[in-house]
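Q: Predicted model follows, preceded by the sequence.
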Amino acid sequence: MKRTAARRRLGRDGALTLLAMVLPPLLIPAFWPAAWQIDLPAMPLFMLGLLSLFASLPCFTRYKHALIATERAFDGAEEPAAWARLRRTRTQALVVAALPAWIGAFGTPFGLEPVARLLLLSGSLVLWWLYRVPRQLR
């Protein structure tokens, strides 16, 4: 696998994950009527969303190690395997990074306020930005 193809695939995966991260917080509130809200305290959901931000820490460490391993494997026989390992690690990390946004989206039926949902989505977007592929891998 060539580097450009691997980077293109990583970019496509990142864009698809971004869509999967942003669409639920935008679509669920649009299609969930306020009359259907369940009367439960929404603060525990917000706190759970904030705590899920910290679930990304071990994933970020694995991602950085995969980046380093991929850079070391350049022009070697193990380069395709390193790119595949980086893609798998990044995809898993991006799914974990999307958890706060998804918790915010699914907190809509429980009365989670729009500001809290926006904060959780913003946290997920910052994590998504951290998982970008650096220029050194070009």
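A: Now that the structure is in, tell me what you want to look at.
Q: Run a quick neighbour tally on Ala30.
A: Neighbour count for Ala30, taken as other Cβ atoms under 10 Å: 8. Every C-beta, even on glycine, is put in place using the N, C-alpha and C of the backbone.
Q: Tell me which helix or strand it sits in.
A: Element membership of Ala30, judged by DSSP states H and E, is helix 3-31.
Q: how far away is the closest residue to Ala6 other than its chain neighbours from Leu50?
A: Nearest residue to Ala6, sequence neighbours excluded (Cβ to Cβ, 6 or more residues apart in numbering): Trp83, at 4.1 Å. Per Cβ to Cβ, to the nearest Å, Trp83 is found 34 Å from Leu50.
Q: More neighbours: which of these two?
A: Trp83 (22 against 15).
Q: and whichever helix or strand that one is part of, what does it pack onto?
A: Assigned by DSSP H and E, Trp83 belongs to helix 79-97. Contacts defined by 3 or more Cβ pairs under 8 Å, 6 or more residues apart in numbering; DSSP states H and E place helix 79-97 against helix 3-31, helix 56-72, helix 114-130.
Q: Helix or strand next in line after the first one, which one?
A: Translated: helix 3-31. Downstream of helix 3-31, the first helix or strand assigned by DSSP H and E is helix 43-53.
Q: In terms of secondary structure, what does that next one contact?
A: helix 99-106, helix 114-130.
Q: Using PDB, write out the CA atom coordinates for that helix.
A: Extracted in PDB, the C-alpha atoms of helix 43-53 (Å, rounded to 0.1, in the frame of the first residue of the first chain):
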ATOM      1  CA  MET A  43     -27.200  16.100  35.100                       C
ATOM      2  CA  PRO A  44     -25.900  12.500  35.600                       C
ATOM      3  CA  LEU A  45     -25.900  12.100  31.800                       C
ATOM      4  CA  PHE A  46     -23.900  15.300  31.400                       C
ATOM      5  CA  MET A  47     -21.400  14.100  34.000                       C
ATOM      6  CA  LEU A  48     -21.200  10.700  32.300                       C
ATOM      7  CA  GLY A  49     -20.400  12.500  29.000                       C
ATOM      8  CA  LEU A  50     -17.700  14.500  30.700                       C
ATOM      9  CA  LEU A  51     -16.200  11.400  32.200                       C
ATOM     10  CA  SER A  52     -16.200   9.700  28.800                       C
ATOM     11  CA  LEU A  53     -13.800  12.300  27.600                       C
END
